[in-house]
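J.: After the sequence you'll find the predicted model.
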Number of protein chains: 2
Amino acid sequence: MDKEKAEKLKPVRHSCEHVLHLAMTDLFPGLKRAMGPATNEGFYFDFDYDGKIKEADFPKIEKRMQEIINADLPIVKEEISIEKAKEMFKNNPYKLEWVDEIEKKGEKATIYWTGEPNKPGSDPDLCKGPHIESTGKIGPFKLLSVAGAYWHGDEKNKMLTRIYGTCFETKEELDKYLWQIEESKKRDHRRLGEQLDIFTISEEVGPGLILWLPKGTIIKEELEKFAKETERNWGYKRVATPHITKSGLYYTSGHLPYYKDDMYPPMVVDKKEEYYLKPMNCPHHHMIYKSKPKSYKELPLRLTEFGTCYRYEASGELYGMMRVRGFTQNDAHIYCTLSQAVDEFVDVMKLHEHYYKIFGIKEYHLELGLRDPKKKNKYHGDEKMWEQAEDLMRKAIKKTNIKMVEQEGSAAFYGPKVDFVIHTVTGKEYAISTNQIDLYMGKRFDLKYIDDQGKEKTPAIIHRAPLGSDERFIGFLIEHYAGVFPTWLSPVQVEVVPVSDKVEEYAKKVYNAFSQENIRVGLNNKNETLGAKIREATLQKVPFLCIIGEKEKQMSQEKGNLIVSVRTRDGKNLGQPRFDRGQIEINKFLEDLKTEIEKKI
Amino acid sequence: MDKEKAEKLKPVRHSCEHVLHLAMTDLFPGLKRAMGPATNEGFYFDFDYDGKIKEADFPKIEKRMQEIINADLPIVKEEISIEKAKEMFKNNPYKLEWVDEIEKKGEKATIYWTGEPNKPGSDPDLCKGPHIESTGKIGPFKLLSVAGAYWHGDEKNKMLTRIYGTCFETKEELDKYLWQIEESKKRDHRRLGEQLDIFTISEEVGPGLILWLPKGTIIKEELEKFAKETERNWGYKRVATPHITKSGLYYTSGHLPYYKDDMYPPMVVDKKEEYYLKPMNCPHHHMIYKSKPKSYKELPLRLTEFGTCYRYEASGELYGMMRVRGFTQNDAHIYCTLSQAVDEFVDVMKLHEHYYKIFGIKEYHLELGLRDPKKKNKYHGDEKMWEQAEDLMRKAIKKTNIKMVEQEGSAAFYGPKVDFVIHTVTGKEYAISTNQIDLYMGKRFDLKYIDDQGKEKTPAIIHRAPLGSDERFIGFLIEHYAGVFPTWLSPVQVEVVPVSDKVEEYAKKVYNAFSQENIRVGLNNKNETLGAKIREATLQKVPFLCIIGEKEKQMSQEKGNLIVSVRTRDGKNLGQPRFDRGQIEINKFLEDLKTEIEKKI
């Protein structure tokens, strides 16, 4: 949901929250209201109540809310004196605390009446507003969840109860939002990551450090293989660099001492030499560039690496695979002349789109990160360099048709940047890759090339990472595909399921036939029912099940060819019309399967 | 050369050194002898001389030496008093220093006469011996090099001159040794590593940390790809783990605090939590094993990773790619039952041999590292565990036909180990991989599986790394192949060399044809002579050169097919008899090339 729309909805949602607390007060005598604001996603209401309120109570509450809405009660603001407010809310310590606060600040107290002011049955509540004019104008609403919440979010205070809800202008919008919530839960990469054996995090190793399990490692390595092949075709050269360096490189880059808090602390050797885990790959690549003199004929030089970097993110920021402390970047640095920079940057953006097409990512936009104009002194480099870099990047962006928004204050300290932000089907947005035309670091690292006139020049450096990090991109892909990876990325591509012991030997032959063709195949010969085996493979989202029964074995003997029944993970049979019940010759299936894998469909 | 033979040769070599100093004394008046021992490789002679002696002087010296040998002078020992020794060597401060030492120790002074004792022309020298009876018994010899050397190796002392030489029993042995020295220089992985753009080391990043250049990265990634494919076929499952961990894992393993000096210092977060770079992958793999409960049905579980580890080797120990501080191991841990351990360990050894066959490594042996029987208390674990592990490993070794030697004192602290030691063609030996059946760490890490009786058991853990580390193995391969990598490992597989500008367009077509077939191809369209281009590609050891001239272009037009002349890096033409001058249809060549690459010939 865009921010503008969310702002517009806030008074409606706030009024809906008043309807909620009115309904709750009616239904649960003794309940004390604490607070209840509108948010970007809906609203919530915190209250103090001795009994237990569960989601099972929601229908009853929603029914009462609907009655209040149907009654179309006016919502009316009234300014009152501090004294009157203290008298009015004398039985509610939460409201009184607020009144004290208002008094301290010397502000005026306001209440909002639901119903005609001062009429019996009308309800006054201490509130800043704003609200809409009457309850009848509240659109379709829904209560979402109930949870505990400490008063003021401080665990030293009393634990209150919180009910979350939302409302929208139209039923369609509400339904879409409810679908998004449900779908987000189903797609949560942390839940699916565990269910599908993709990754684990060990407290003993450390928070934010991903251990890739065998199935996850297959996805990681397939993704890397794909990127390596693609980048080779796009003219990149691969390198591999250590994960540590002496601190000097980061003083040269300017990351030390200012960005020290974002890094793991140094390893201090013999009380003098400091080594750091690398938080980025750039300086290491610059050292490779510098290892031999360069001529303009060697440019553009595109050095690429799946480089693992480490950053000490605050523990509160850590979030599954999406926000981690160790991550393997699909990184590259393109060293080029100034006149090559725009074309190279356009190519980088095209490479993003090439990747996105393969993964079916259709919703994305660019964010151009610029300096905060009020704090220009917190950035490095001179005015001319900033303008030139921004100009080159704008020129490149113009050559694409990608939607762009500008964000003042989110440049890097040494230059403007362009983030690709991709959207999940449930509306979440992830900044996946950061790209830059960098006219600063070349000078800092004293990088050179000899131009066609024999003169020393400084190369421009393009930073790019279209697939971001393995961790974040695969985290995104899990949510994007809801775990239903295309066959080429699926850890197990075919599961062979014998119906009984009697066909086990034949099932093994089928298994071997797939394995020999480098298909990632599983064989479930556990002592379980066919139904259980199918359920297990379906939960693991295996693209194809080969069900092996007497019929398949017998047909195979008759035809002198391996015959299988193939069932897709969404329950379809891949049968051929020429056979009885959907059986298929393995060679025919293998051919289609290989095409699907190769084309990354 | 084996140690026994070297010991046997020492008296001969020592006598040869006496012949050397005798010859030098004749030829360079004023020269003062310092010392001159036999070594495992030959001998050397340190002396003090004001003039400059160069390798160009060697023929003259060798001629004089040969005369002394031909004269078959006796070499005779004589015990003399300290006083006589002092008198005899009063003009030689080096010898006098030694006499003082002998006096302090209360030992007797001995001299060796070359020639009849006390006869004019005979030469006495202060020496401990032993020697052979006469110069005529000295076999074929050779002076090798001349260098500076501080007296007693201390740079505070005077810089003397040192001449190295060697001698053997037979001419064949000498020739072989001389070839090995020459060949070792040519094959030195540090020299070839630079010439072939394989790696660089940056002082700014840190000593012992390899930066893989684009060509080296191709070799690294091809090697890893090959290992990944092989290990998949051998039933391994890949994982990927972080390069750091909280210190706790190493206290559990027992590496901390005892092996702290071999590790980079810790990163201390908030003055309490210590993180370490991993010096090995084992504990991380154990955490993956532990992440879910295991049944005996899941064993053997073979977890493998190209895991990068860091160890803080002393700077004096660092040596090119062979001894480094950061290295990527071809690591795996096999978790299995005790009854599976021998077969699994045999399989590990077979996997070594499978790899060695591909790389043409024919000379290797096993070293079984056992406890130092005199220091049993410095090892962890009980007697029974040690005996059982040793017994299992011996059983497995017996099932192979690989030569094995035992080494007391070189076990790991938690169990015996088996090193594979491979030999270069020049006689160097490198311990490439360490393997173990480990009955200790499973208990330490509280690893479990449920056996077929429903009982909790501890798995045995096999540690293995057949290809060792990328750094050491590729360092070895450089020396093994003398940089002439087989085509599948060659960074550039085909270099297209147009004879002139006129055929540049056609050359590009040829280049594209290779590139489309995923051949790593280069195009040299520099403004250079054909000879220079061929020289360049030959220096880079590119397996195939496609030389493109008018003839090839014309034939191609006639035949409607790309035609090239192919020259191998050792100067052969791959021509077809049906064409004039060795031209060949590109498709035919591509077919052979792909077979060669696929078969890793």
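T.: Cool, got the structure. Everything numeric here is computed off the predicted structure, so don't read it as measured data. Residues are numbered from 1 along each chain as shown, chains lettered A, B, ... in the order given.
J.: so residue A:142 sits right up against residue A:178, yeah?
T.: Yes - counting by C-beta atoms under 8 Å, residue A:142 does reach residue A:178; the two are 6.2 Å apart. Every residue, glycine included, has its C-beta placed from N, CA and C.
J.: neighbour-wise, which of the two wins?
T.: residue A:142 (18 against 15; other C-beta atoms under 10 Å in any protein chain shown).
J.: Residues in a beta bridge with the closest residue to chain B within the stretch 1-150 of chain A, which ones?
T.: As assessed by C-beta to the nearest C-beta, chain B sits closest to residue A:150 within the stretch 1-150 of chain A, at 25.0 Å. Bridge pairing for residue A:150 (DSSP bridges) gives the partners residue A:159.
J.: Now do it against residue A:93, distance only.
T.: Residue A:150 sits 15 Å away from residue A:93, going by C-beta to C-beta, to the nearest Å.
J.: thinking again about what came up before, distance of the residue of the stretch 1-150 of chain A closest to chain B from residue A:503?
T.: 60 Å.
J.: and what of residue A:218?
T.: Taken as C-beta to C-beta, the span from residue A:218 to residue A:503 is 28 Å.
J.: ok, back up a step: quick one, which of residue A:150 and residue A:503 is more surrounded?
T.: The residue with more neighbours, out of residue A:150 and residue A:503, is residue A:503; 22 against 14, by other C-beta under 10 Å.
J.: Model confidence for the more buried one, exactly?
T.: On the pLDDT scale, residue A:503 is placed at 93.
J.: Skipping its backbone neighbours, what lies nearest residue A:110 in space?
T.: residue A:79 (5.4 Å; C-beta to C-beta, 6 or more residues apart in numbering or on different chains).
J.: in terms of contact, does the one you found touch residue A:109 like I think?
T.: Yes - look at residue A:79 against residue A:109 with C-beta under 8 Å: they come within range, at 7.1 Å.
J.: ok so, going back, tell me the phi and psi of the residue nearest to residue A:110?
T.: For residue A:79, the backbone dihedrals (degrees, to the nearest 10) come out as phi -90, psi 130.
J.: who's in contact with it?
T.: Residue A:79 sits next to A:108, A:109, A:110 when contact means C-beta atoms under 8 Å, 6 or more residues apart in numbering or on different chains.
J.: one more time with 10 Å, if that's ok
T.: If you count contacts by C-beta atoms under 10 Å, 6 or more residues apart in numbering or on different chains, residue A:79 has them with A:85, A:108, A:109, A:110, A:111.
J.: Tell me the one of those nearest residue B:532?
T.: Residue B:532 lies nearest to residue A:110 out of the contacts of residue A:79, by C-beta to C-beta, at 88.4 Å.
J.: average pLDDT across the host helix or strand of residue A:13?
T.: Assigned by DSSP states H and E, residue A:13 belongs to helix A:3-27. Helix A:3-27 comes out with an average pLDDT of 92.
J.: which of the residues in that helix are buried?
T.: A:9-25 (16 or more other C-beta atoms under 10 Å in any protein chain shown).
J.: Next: stretch A:319-329.
T.: Buried residues in stretch A:319-329 (16+ other C-beta under 10 Å): A:320, A:321, A:322, A:323, A:324, A:325, A:326, A:327, A:328, A:329.
J.: do you know how far residue A:441 is from residue A:111?
T.: Counting by C-beta to C-beta, the gap from residue A:441 to residue A:111 is 59 Å.
J.: can I have stretch A:18-35 written out in CSV, keeping just the CAs?
T.: What follows is stretch A:18-35, C-alpha atoms only, in CSV (Å, rounded to 0.1, in the frame of the first residue of the first chain):
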residue,chain,number,x,y,z
HIS,A,18,-13.0,3.9,18.6
VAL,A,19,-15.8,1.7,17.4
LEU,A,20,-13.8,-1.3,18.5
HIS,A,21,-13.1,0.1,22.0
LEU,A,22,-16.8,1.1,22.3
ALA,A,23,-17.9,-2.4,21.4
MET,A,24,-15.3,-3.9,23.8
THR,A,25,-16.5,-1.7,26.6
ASP,A,26,-20.1,-2.9,26.0
LEU,A,27,-19.1,-6.5,25.8
PHE,A,28,-16.5,-6.8,28.5
PRO,A,29,-17.4,-4.8,31.6
GLY,A,30,-14.5,-3.7,33.8
LEU,A,31,-12.2,-3.3,30.8
LYS,A,32,-9.9,-0.2,31.0
ARG,A,33,-8.9,1.5,27.8
ALA,A,34,-5.2,2.3,27.5
MET,A,35,-4.6,3.6,24.0
